[in-house]
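Engineer: Below is the structure, and that's it, no one-letter string:
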């Protein structure tokens, strides 16, 4: 993409309304624009990151055997009356009356609808296990939306729902999602730590929040330093092997890890003192087994091998992609701007043409642009007439992993300057060497 | 994908509510499920087609220079009060009051919001031309939603909005979208014909509906047979060359073509009688220049080269991807089911294992599955215990371009049976030859 033809509205001033760094940087880098309280447009740069994040989420959901569907945003209230949640949900639910005076709502979540889909098609335990997911907009009418897309009202959510004959099957489904989540956040460049979450009246131990550590995190968390060294399962993990997955989950749930709400000083004190890490964290995912909470009232049953009808045992698994983008920024930025992990960067590299109009600079820039594009890097070329300082500041702000500066002096010496955004390290390299370095990702 | 692990809920009976063939086939093939009047879930097979269609739309928008954003579904009513449309829009607009008693609405379209985005960032003619598009859910509370996703209430829409300094620029922007639309529908396997549409109080000739011909189409259309032979611009069309694009648009708007509403018998009678084609058509896209209709009341102006402020000249350009899927089916089906064009088929080929459990059949099926996947075909393997007749009927119904049947008799002869869904032609081929045929797409 050439910047002269792109739409990247950067803000020079720090927006007053932004209380946290991710909100500030997303506004300043031209990623988002607020349209109403807690309701945002994803501008071109933000849309690109969102696509990258969603692609990773989708690949890992698919790998684990979940199947993608797409449920609508508007739901009939009657479904929620069946589960009993229509009256319980309170003011966070956006309630709507259509032109025929039917009660509708903007889905804050989809347990009821997906259970309705399940019960209308699935009859036998032979069709299980089943896990259906979608990535769709949700609306929760928060009383005080804030922190940008970290706590918006309209937000994107990946929600998956598993259906199994019994608790044992549901536990295996839970483990598959657990491992998929470890891989998803790892691929987004985040170190996530699964922490036991409240299961409320459901009981049991199958509820985990995935927390990433960030100095600016919203809540206090306590965990064993062992987590920082644990290896995330590779792409070759066998999702059809329940025992292998149970072992991974066992490993990742053994050391101490708790959010503020679930923290237990007595247990914590048994962790060796030098292994204790108390830090700030941000929730980026939540997985939850709720058994027959919806299947029973809504009559979602299957015939078991015993010839009897069983309400299916269910779980739900959520990630907020828009929120995840903000979390990545909280975990990866400096005073000059965002520092994108390569896997989710909106462009692979930025090229700064120091003197547009100068034939050498233009030719070298175009040549490098083509080479990088051919190498699969997807570059952003700053071919504008801005002054050099502004161009450098803009590139730092939007945080592409690599910056390549092309100017007359370097061309005279046959080199370009390559800067690594994360380390700040600069090297003078021939264009060939620059492409090799950037495309190699090392 | 292995069918035993997939979620493909086929219906054996013809659903009573389906009045048109695309609605009937989408329900029967397990592509969609109605959740409320005019509100649908895309089931896994439908979601796959939707992704393919959206990818084509996106590629052609990007190629033409449009830039993708993502605006929210919920909009503040105040924006629509600025344009004057809040009161005009009538009952099709889904109006919502949030918990703080603010008037909101579910966007039926986005002219106001995109104009608001534009005016808050763009100041100078030097930043033009600009075309912003998004693919997002819309809601129009139709009094009588019907025909499945052809006329739903919640539907996906690609809407693009162009901003230019003056009419001349807007006309060039219009031509870019015109050509992008020709390419988009062509790539979806459709023959589209641009037909002049009403411009109402705006006037001028810059409004076209793109109509595809289908015997089951919703409206009567009249056009010159010359359109059937016209060549659609290739991927090498130069979107930076206004003259080249104007020539293409000129060619595609010269022969007679009109919908029922715009039909003019006097002009039509000048078309040679043997060139006259009157047929049924379905609207799949609409492009429209509306000038300063929104920029003027909303104050979206730029500084021109003359140093004065000018309200920008705008156009909007819509395609409904969910509707487009139905249109493709209307144009391409037979008594046995859907016949997908290769470019939008949910899977590239179906493999039918005639005897799951038979070691030879299983091995051959798995081997062919791997080979096709490696060749980029993305196969669906029917590894279920259904009887042969049901398997054949299901494959015909879901309409994958190729079917490959693997049974003990063929294996004895070293061959599989390959059927072309469109022509019905069957060939016995070695697995290697089958992969070459299917992957070659010929």
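Structural biologist: Structure received. The structure presented is a predicted model; accordingly, all values stated were derived computationally and were not measured.
Engineer: domains in chain A, as residue ranges please.
Structural biologist: What the record gives for chain A is the domain set A:3-337, A:347-441, from the TED database.
Engineer: Among those, which comes closest to chain B?
Structural biologist: With distances scored as CB to the nearest CB, the stretch of the domains of chain A nearest to chain B is domain A:3-337 (3.8 Å). Any C-beta I mention is one placed from the backbone N, CA and C, and that applies to glycine too.
Engineer: Of all the domains of chain A, which one is nearest residue B:165?
Structural biologist: Comparing these against residue B:165 with CB to CB, the closest turns out to be domain A:3-337 (15.7 Å).
Engineer: Helix, strand or coil: sort out the residue nearest to residue A:28 when sequence neighbours are not counted for me.
Structural biologist: Distance criterion CB to CB, 6 or more residues apart in numbering or on different chains; nearest residue to residue A:28, sequence neighbours excluded, is residue A:11 at 4.6 Å. With DSSP: H, G, I helix; E, B strand; the rest coil as the basis, residue A:11 sits in coil.
Engineer: Contacts only, for residue A:11.
Structural biologist: A:27, A:28, A:30 (CB atoms under 8 Å, 6 or more residues apart in numbering or on different chains).
Engineer: Using the three-state scheme, assign residue A:80.
Structural biologist: helix.
Engineer: That one: what's it in contact with?
Structural biologist: By CB under 8 Å, 6+ apart, residue A:80 lies in contact with A:86, A:89, A:105, A:112.
Engineer: For the first one, grab the count of nearby residues.
Structural biologist: The reference is to residue A:86. Residues near residue A:86, counting by other CB atoms under 10 Å in any protein chain shown, number 17.
Engineer: The second one too?
Structural biologist: Using other CB under 10 Å, residue A:89 is surrounded by 15 other residues.
Engineer: again with the third one
Structural biologist: Around residue A:105 sit 20 other residues, with neighbours defined as other CB under 10 Å.
Engineer: Now look at the host helix or strand of it and say if it contacts chain B.
Structural biologist: Using DSSP states H and E, the element containing residue A:105 is strand A:103-106. Yes: looking at strand A:103-106 against chain B by CB under 8 Å from any CB of the partner chain, the contacts come from A:104, A:106.
Engineer: Mind listing what's buried along that strand?
Structural biologist: Residues of strand A:103-106 classed as buried by neighbour count (16 or more other CB atoms under 10 Å in any protein chain shown): A:104, A:105, A:106.
Engineer: Using TSV, lay out the residues you listed together with pLDDT and distance to residue B:242.
Structural biologist: Output for the buried residues of strand A:103-106, formatted as TSV (pLDDT from 0 to 100; distance: CB to CB, whole Å):
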residue	pLDDT	distance to residue B:242
A:104	98	46
A:105	98	48
A:106	98	43
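Engineer: picking that back up, now rank the contacts of residue A:11 by neighbours and give me the top one.
Structural biologist: residue A:27 (23 neighbours).
Engineer: How about the residues of the stretch 101-250 of chain A by chain B?
Structural biologist: Residues of the stretch 101-250 of chain A lying near chain B (CB under 8 Å from any CB): A:102, A:104, A:106, A:113, A:116-117, A:120-122, A:130, A:132, A:137, A:139, A:141, A:143, A:153-154.
Engineer: Now the buried members of the residues you listed.
Structural biologist: A:104, A:106, A:113, A:116-117, A:121-122, A:130, A:132, A:137, A:139, A:141, A:153-154.
Engineer: Which stretches in the stretch 151-300 of chain A count as strands?
Structural biologist: A:154-164, A:192-196, A:207-213, A:219-224, A:257-259, A:276-291 (DSSP state E, counting those that start in this stretch).
Engineer: Just give me the neighbour total for the closest residue to residue A:220 other than its chain neighbours.
Structural biologist: Closest residue to residue A:220 apart from its sequence neighbours, by CB to CB, 6+ apart: residue A:260 at 4.7 Å. Residues near residue A:260, counting by other CB under 10 Å, number 12.
Engineer: Spit out the contact partners of residue A:260.
Structural biologist: A:219, A:220, A:221.
Engineer: just those now: which is nearest residue A:248?
Structural biologist: Nearest to residue A:248 out of those is residue A:221 (CB to CB; 21.2 Å).
Engineer: pLDDT averaged over stretch A:135-143 - what is it?
Structural biologist: Averaged across stretch A:135-143, pLDDT comes to 96.
Engineer: Kindly check the end-to-end length of that stretch for me.
Structural biologist: Distance between the two ends of stretch A:135-143: 24 Å, counting by CA to CA, to the nearest Å.
Engineer: How about stretch A:97-109?
Structural biologist: So stretch A:97-109: terminal residues 19 Å apart, CA to CA.
Engineer: Stretch A:301-309 now?
Structural biologist: 6 Å.
Engineer: Buried residues in that stretch, which are they?
Structural biologist: A:301, A:302, A:303.
Engineer: Show the pLDDT at the residue nearest to the last one when sequence neighbours are not counted.
Structural biologist: Setting aside the residues directly before and after it, residue A:303 is nearest to residue A:124 in space (CB to CB, 6+ apart), at 5.0 Å. Reading off the per-residue confidence, residue A:124 sits at a pLDDT of 97.
Engineer: Also residue A:146?
Structural biologist: 88.
Engineer: do residue A:441 as well
Structural biologist: 53.
Engineer: same deal with residue A:198?
Structural biologist: 84.
Engineer: helix/strand/coil for residue A:389?
Structural biologist: helix.
Engineer: Next, count neighbours for it.
Structural biologist: The burial count for residue A:389: 8, using other CB under 10 Å.
Engineer: For it, give me its contacts.
Structural biologist: For residue A:389, the contact set (CB under 8 Å, 6+ apart) is empty.
Engineer: same check, this time on residue A:110
Structural biologist: Here residue A:110 is in contact with A:71, A:75, A:134, A:136, A:159, A:161 (criterion: CB under 8 Å, 6+ apart).
Engineer: which residues of the stretch 101-250 of chain A score low on pLDDT?
Structural biologist: Within the stretch 101-250 of chain A, no stretch falls below the threshold (pLDDT under 70).
Engineer: who touches the closest residue to residue A:108 other than its chain neighbours in this structure?
Structural biologist: Excluding its sequence neighbours, the residue lying closest to residue A:108 (CB to CB, 6+ apart) is residue A:140, at 4.7 Å. Neighbouring residues of residue A:140 by CB under 8 Å, 6+ apart: A:92, A:93, A:94, A:108, A:153, A:155.
Engineer: So what's the gap between stretch A:377-396 and the chain middle?
Structural biologist: 27 Å (CA atoms, centre = their mean, to the nearest Å).
Engineer: give me the beta-bridge partners of residue A:316?
Structural biologist: residue A:161, residue A:288 (DSSP bridges).
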